Every structure is written in structure tokens, then in C-alpha cells.
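> below are the sequence and a predicted model; questions follow.
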Amino acid sequence: MVADVKGTLYLSEIAEMANGRFFSGDLSEDVLVKTVTTDSRVKVCSGIFVALVGERFDGHDYVEKAIENGSVCAIVERDIENASFAYILVSDTKKALGMIAKGFKDKLSPLTIAVTGSIGKTTTKEFIYSVLCEKYKTLKTEGNFNNDIGLPMTLLGLSPDEDVAVLEMGMSHFGEIEYLSKIASPNIAVITNIGRSHIENLGSREGIRDAKLEIRKGLTRDGILILNGDEPLLADINGAIYVGEVNEESDYFIDNVIEGENGCAFDLTVRGERFESLTIPAIGRHNVMNAAFAFAVGFAAGIGEFEIRRGLMNFKNTGMRQNIYKHLGRTVIEDCYNASPESVKAALKVLATYAGRRDARRVAVLGDMKELGEYSTEAHIEVGNAVIESRVDLLVTVGEHALNIAAAAANNGLKNIIAFDEPEYKRIAEAVMKNTNEGDVILFKASRAMAFEKIIAELS
């Protein structure tokens, strides 16, 4: 990873932020750092290389290569005898990266919004970004830069001209959100929901809830916590603002949802004040909730109603998340980035709505959902039942765990099922094309590890 440093950051500052010992080597003066990198192979200018240590790699083996490629200094955990180049000695390079990012962010002091949740956090982040861009110059997390390396690198890319940072926070174990939150020190924190992603590591939905609530650990003293008002596990948290569609006591209450051809409209009641006919260019009721979170963040950030409306209408999703397009006469719903029982069921509802409006055949290509542990069989069976509820015409499953989806659907009467034990991409694509026709709507949904985009690439 590489971060282009747009603000003023000198080596001496970095050493102080990282609480490290600075060895100047052959440097005769302080250096203005222009890039921070964790990849020794990338050519940089006035860069600093962070020698991270992982299970299968050790960045210390590549320090000299990083110096050859333009880094003027390295951050290391081990002393380097007779080094001609500058280095900063710290106790833990990964923690040092986080400390530097925190110091740099605190120096620029942007309004900071942090978003986490089992599903929908990336889409919610994009809605929030779209709303905040109506008034502020805004930085956002790109791609999957939402972990203990990606988030610090995102913050190091802050520009002095940027007023706001919208940061996504992912996790799979306890303590990870707390670590990220303490680096980011958010002014506003959002938890979209509590699902079952990573339940294998966290033990229960209550455990997932506790891990997500770690986001409060770094929240500023006057910070605002925005939660899902329809989730009982998040109820009655003192001082929180709630967004909901079921719970009428929510501070932001959604109703009158209309799902259209290319998006949704809804009304929002905010502590007695009503905002009617808000529109978003995204289908699926779950996206209405994501948009309502963005409305709440916009209000908290001092943005007016009409700017928020415009921001919601300007929303654009990213990557492989609910990307809908035509391919060889079929409509493809590409939603391959990740999967949990909740997100797959939401995607099936989108398939049902989209195809139903067009009187088209509904085809679901579903794969394994990972990291569900002892809940895996139950969760895949649950998805199989949802396939029936969504009136899917053809089900294609991929992977050992997804066989439970196929079995549950078959037990409920679905006959048109094709099951693959392994992700043999070309064979799966051939089967999909052979068993579908022009006009059909095809959903592709699985955990990221299943790489379903490779199936789509083979469609011909």
C-alpha cells in the first residue's frame, strides 16, 4: 500500500508521533515526506517505508530494496548496524503506523465519521460521502482499506483542504474496531446493523454487537453515536440516535417506501418533523435504511435538507456491490464483494423485485458464505428457504456449504437446481448460459473468497 502525503509531514515529526528513536544515517537535514509505503517494490519520491511483519512475510527483509526505490527512511523494529540510510526504531511497526496516522489526522483535524456494521457499511459510507460532498471537501475510505493497515494509510492521504473524512471500519475479531476507533477519533460513529458475519470468531450475535460497539472507544467527548433502531441488541444505549423503519420510536423513522424501476422513494420523520419523497438511485429496501443513516449524519454535520436530498440523489455505489447491467441479453446483478445470510436475503429480494417488475425469470447463482462456524449449516439452509420465498426459477449453487442452500430449496419444492461442489468458473458459466435465456435476470452472490467475478468473466 502507498499513501501520498498531501499535508506537511517531516521525518522528525514522524519519529515523535511513532515514539521512536531516529537514526539519521547519511541525511544532513530533516526531510519533508511525500509518501508512506508498505510495499518495497513501488518507486516513490521522498518516501518512508514501514517494515511490517506478518505471518508469511517480514518487511525488514526488503528495507534496502525500499531505499533503492526512493524511500529516504525506514520504520523498523530491529536496530540496523552501520546503516547508511535513515531509520526510525520502534517497538511495533504496525502500531507505529497507526500512531503516525493518528498524529497526522489530529494535526489536520477534519470532521471524522466512522461507519461499521455487519452488512451495508460500504454502501452507507458511500451515501454519507455523497451527502457530505454537497457542502464539504471530503475524503473517504477506498476499496477495502478498512482494516488496521488500510485505515491508517487512508488517513495519511488526507489533504489540508479536506474538511471531512468518512472512514469505514471492518473487523473479524474483538479489539479491532477499538484499535481503529482510537486512531480515527470519530466525531460521528454509525453502526448499520448486527448480522452474523464473522460469528465463527465472535461466538454469537451478542459478541458481534459488543465488537461493533467498540467504535465508542475512540469517539470524541461530544461525539454522536447513530444506531439501527430496529435491532433489539442495540436498544436503550444512552445518548444514541436511532434510525429505523419498524421501530416508530426511532429518532429518524422511515415510512411510505416505494420501490421503483431504478431506485426508491421514502418519507422520513425526524423527531416530529416530516421530510417527504426522498429519492435514491438504488433499488432494495435495505438501501433506504443506508440512505437514512446518511440523512442523519448530514443533519449532524450541519447540512441543510435540500443539500442532503441532492446528495442522496447523486449516490453512486462502488466495486462489485449491486452492480446491475445488461450482458448478452440478460440482466446481471453483480453483488460479489461479500456475503452473509442477511446480505444474501436482501440481494434475493432485489432480484425478486427487479425481475418481478419486468415479468422476467429469476436466476440466483449463490456460493458459500464464509466464517459462520457452527452456524454455517443453519445459515445456508435459511438462505435456501429465502430462495423459495423469492420465487427463484433457477438456482445455481457453488461450494460445499452452498449445497445446503440447494438442499433446502429442493426440500421446499424447487426442481430447477444445478449444484457445483467447487468453483469451476468456466463450467459454471457454461451451465448458467445454457440454462438461461435473453431477458432473464441473474443474481451472483457469494463470499469474497469465492471470486464470483471470475464466473461472470467467463459468460459467453
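That came through fine. Numbering: from 1, shown residues only.

> how is residue 418 assigned, secondary-structure-wise?
strand (DSSP: H, G, I helix; E, B strand; the rest coil).

> what's the closest non-adjacent residue to it?
Spatial nearest neighbour of residue 418, excluding adjacent residues (C-beta to C-beta, 6 or more residues apart in numbering): residue 396 at 4.8 Å. Every C-beta, even on glycine, is put in place using the N, C-alpha and C of the backbone.

> got a list of what the one you found touches?
Taking C-beta atoms under 8 Å, 6 or more residues apart in numbering, we find residue 396 in contact with 363-366, 417-420, 428, 431-432, 435.

> let's see 7 Å
Taking C-beta atoms under 7 Å, 6 or more residues apart in numbering as the criterion, residue 396 is in contact with 365, 418, 428, 431-432.

> do residue 318 as well
122, 126.

> repeat the analysis, applying 6 Å as the threshold.
By C-beta atoms under 6 Å, 6 or more residues apart in numbering, the residues touching residue 318 are residue 126.

> would you mind measuring from it to residue 141?
10 Å (C-beta to C-beta, to the nearest Å).

> go on, residue 246?
Taken as C-beta to C-beta, the span from residue 246 to residue 141 is 29 Å.

> so between the two, which is more surrounded?
residue 141 (25 against 11; other C-beta atoms under 10 Å).

> now that one: how far from residue 113?
Counting by C-beta to C-beta - residue 141 and residue 113 are separated by 10 Å.

> ok so, going back, pull out the buried residues from the helix or strand hosting the residue nearest to residue 418.
According to DSSP states H and E, residue 396 maps onto strand 394-398. Judged by neighbour count (16 or more other C-beta atoms under 10 Å), strand 394-398 contains these buried residues: 394-398.

> one more: stretch 6-21?
For stretch 6-21, using 16+ other C-beta under 10 Å, the buried residues are 6-7, 9, 11, 13-15, 17-18, 20.

> measure it end to end?
25 Å (C-alpha to C-alpha, to the nearest Å).

> chain center to it: distance?
29 Å (C-alpha atoms, centre = their mean, to the nearest Å).

> domains in this structure, by residue range?
In the domain annotation for the chain, the residue ranges read 2-91, 109-313, 323-457 (automatic domain parsing).

> and these as TSV, adding distance to residue 103?
Output for the domains of the chain, formatted as TSV (distance: least, C-beta to C-beta, whole Å):
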stretch	distance to residue 103
domain 2-91	3
domain 109-313	10
domain 323-457	32
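
> same list (those domains) but as TSV, adding distance to residue 99 and mean pLDDT.
Shown next, in TSV, are the domains of the chain (distance: least, C-beta to C-beta, whole Å; pLDDT from 0 to 100):
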stretch	distance to residue 99	mean pLDDT
domain 2-91	5	93
domain 109-313	8	95
domain 323-457	29	95
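
> note down every partner strand of the strand or helix carrying residue 242 and its orientation.
Per DSSP H and E: residue 242 is located in strand 241-244. Strand 241-244 pairs in its sheet with strand 224-228 (parallel), strand 252-259 (parallel), by DSSP bridges.

> mind putting these into CSV with distance to residue 382 and mean neighbour count?
Listed next are the strands paired with strand 241-244 as CSV, based on distance: least, C-beta to C-beta, whole Å; neighbours: other C-beta atoms under 10 Å:
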stretch, distance to residue 382, mean neighbour count
strand 224-228, 20, 24
strand 252-259, 23, 17
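
> how close does the residue nearest the centre of the chain get to residue 35?
Centroid-nearest residue in the chain: residue 122, 3.7 Å away (criterion: C-alpha atoms, centre = their mean). Taking C-beta to C-beta as the measure, residue 122 falls 26 Å from residue 35.

> contacting residues for residue 57?
For residue 57, counting by C-beta under 6 Å, 6+ apart, there are no contacting residues.
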